[in-house]
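In: Provided below for reference: sequence and predicted model.
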Amino acid sequence: METNINETGGILNKTEIHQSRDSEKMKYHKQRLSNIQLYYQSYKNRVKRFQPRTKRVIITSKASFDCDRDRRSLREEFSSTSMLKYLQVDLTTINPTSIPLIKDILIAIKSLSYLKSLEITLPNAGHIAKECYYLVGVALSGLKRLKKLSIIFNVNDVLSDLTVKEIFASFRCISFVEEIEIIFKWSWWITDRRLKYIAHGLSALKNPKLLKLDLSGCKQITDKGIQSFSRYIRNSTCLESLSVNLWYLKECSSQSLEYLKQGIERYESIKTLALDLSHCKKIDDAGLEYLGDALLKLKFLKNFSLDLSFCEDITVYGVEALAKGIKELLSLETFEFKSASIRDDEFCSLIEAVKSLENVRDLDLNLSYNYFIENSGLLCLSETLERLTQLRSLKLDFTFCNQFILDDLSWLRVGLETNKAIESLTLNFFQAEITVKALETICETLSEKSSLRKLDLDLSYCSALSHKSLQQLDSALSQLEQLASLDRKSVV
């Protein structure tokens, strides 16, 4: 027989026995509830851990999610990915029935408080875009943790000044963004005044490190608009990378480069600079002089890219002024240059400046569509290759250079034989007048390059080459056992 004893040693009555049992049950249930809560919390953590971090949403012209069921499923899908960190939304081609869905997407983006990277491509149908563009600012206002933003404008209709102003005014809500990319390709409605609104919005960013602005084909932009943008650059304190594309801005003159110089030269900490000035017909020697003066201040620049294609008013005097600035870039590691109109004497001045940059590891020279380069300019390049002892990657592009005969590539052989460090080589002779003799020189050169690990060779549509010569090339390439990557293209 079981006897129940209390704490003082007395015998418990029935009431005390029931109270004791209830107390034990409560302890048991509390412990069980605690275990359930711990398990639930652990389950929630596991769910968060395995939620997708990257999502891509593409709305095409065929999409017509106008019924409530489809819109509800979309909202549920976004709410289930609250921990999303990387999002890409493409709204390039849409139809009017997609408008409710697009509005839902833009509103849902606002709730993604953990989002760090957003790339959004906006519609190209102006009459539809106007109904959705004002929500872009609403979407950005909730992204407090955003670090990288890319906005691509494809709209081909006129947006009002107020719409543009509201979109970029929302940047004050994402002031901690570090990388910003804004693309206006062929957006003819972008004017100097609207570029000023854009610059004002960018000024709200506290510590941007990377800025890319693409104004290619925005024909209404003039020097005045570039001046507004350069004022923003002057006020930035942490900028490390700057990329500006002014392709086909026919109203921009050398004055634009003077304004950019005033913004760039203040920051010695800039490490990457990329400028596309191709088809800017009004840029002349004075513009290159401004650019050369700006480069003198960039002591820590590591990557420099410049495109001067079809800038026809540039002469050797302007290139020499630019070369003076390039000579002082002693920290430069990557140099990319493109020009379809540079001549032999100008090319020699530029390459002579590169020769003094002993730390260059990547050299990319694009002379495609150039009808003026001759062998004397290429001989200067050979001497430069001999001096660049740290060079690891070399890219040479002679696409459509069919106005001169690449009969003798001895300059390339001499340069590569002396430089023992090159590991990656890209040669593009697409539809260029390269001869069988030149191809034999390439074969001999490659057979002696023991350091080469990667080779890209394009001989497509080289009319002077025969199938037999290409077979000899393949035989020579097959003996390069050290190659880790080989890509050879040829259509004869």
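Out: Done, it's in.

In: show me what the helix or strand in which Arg413 is found is packed up against.
Out: Secondary structure assigned from DSSP states H and E places Arg413 in helix 410-418. On a contact count with 3 or more CB pairs under 8 Å, 6 or more residues apart in numbering; DSSP states H and E, helix 410-418 meets helix 375-387, helix 436-447. C-betas here are computed from N, CA, C, even on glycine.

In: what is the burial count for the nearest residue to Asp284 once chain neighbours are set aside?
Out: Leaving out its chain neighbours, the residue that sits closest to Asp284 by CB to CB, 6 or more residues apart in numbering is Asp313, at 4.0 Å. Using other CB atoms under 10 Å, Asp313 has 16 neighbouring residues.

In: quick check: the gap between Asp313 and Asp285.
Out: Distance from Asp313 to Asp285, counting by CB to CB, to the nearest Å: 8 Å.

In: cool, and Leu412?
Out: 31 Å.

In: who's more crowded, these two?
Out: Between Leu412 and Asp285, counted using other CB under 10 Å, the more crowded position is Leu412 (22 against 18).

In: run a quick neighbour tally on the nearest residue to the more buried one once chain neighbours are set aside.
Out: Distances taken as CB to CB, 6+ apart put Thr445 closest to Leu412, at 6.5 Å, once the chain neighbours are dropped. Burial of Thr445 is recorded as 21 neighbouring residues (other CB under 10 Å).

In: in the protein, where is pLDDT below threshold?
Out: 1-82, 93-98, 124-131, 155-158, 402-407, 491-492 (pLDDT under 70).

In: show me it divided up by domain.
Out: As assigned by automatic domain parsing, the chain contains the domains 51-362, 363-492.

In: gap between the first one and the chain center?
Out: It refers to domain 51-362. Its chain's average C-alpha position is 9 Å from that of domain 51-362, according to CA atoms, centre = their mean, to the nearest Å.

In: with the shortest one instead?
Out: In terms of CA atoms, centre = their mean, the centre of domain 363-492 is found 28 Å from the chain centre.

In: one step back: following element in sequence after the helix holding Arg413, please.
Out: Using DSSP H and E, the helix or strand that follows helix 410-418 in sequence is strand 424-428.

In: direction included, what does that following strand pair against?
Out: strand 393-397 (parallel), strand 454-458 (parallel) (DSSP bridges).

In: which other residues reach the first one?
Out: The one in question is strand 393-397. For strand 393-397, the external contacting residues (CB atoms under 8 Å, 6 or more residues apart in numbering) are 361-368, 385, 412, 422-428.

In: let's go with 7 Å and repeat that
Out: 361-368, 422-428 (CB atoms under 7 Å, 6 or more residues apart in numbering).

In: please apply the same query to stretch 412-426.
Out: 381-382, 385-386, 388-395, 441, 444-445, 448-449, 451-456.

In: one more time with 8 Å, if that's ok
Out: 378, 381-386, 388-397, 441-442, 444-445, 448-449, 451-457.

In: report the buried members of those residues.
Out: 378, 381-385, 388, 391-397, 441-442, 445, 449, 452-453, 455, 457 (16 or more other CB atoms under 10 Å).

In: show me the contacts for Gln255.
Out: With CB under 8 Å, 6+ apart, Gln255 has these contacts: 223, 226.

In: can you mark which positions in stretch 100-113 are buried?
Out: 100-102, 104-106, 108-110, 112.

In: hang on, the earlier thing: list the contacts of the residue nearest to Asp284.
Out: 281-285.

In: could you redo the last one with a cut-off of 10 Å?
Out: 253-254, 280-287, 341 (CB atoms under 10 Å, 6 or more residues apart in numbering).
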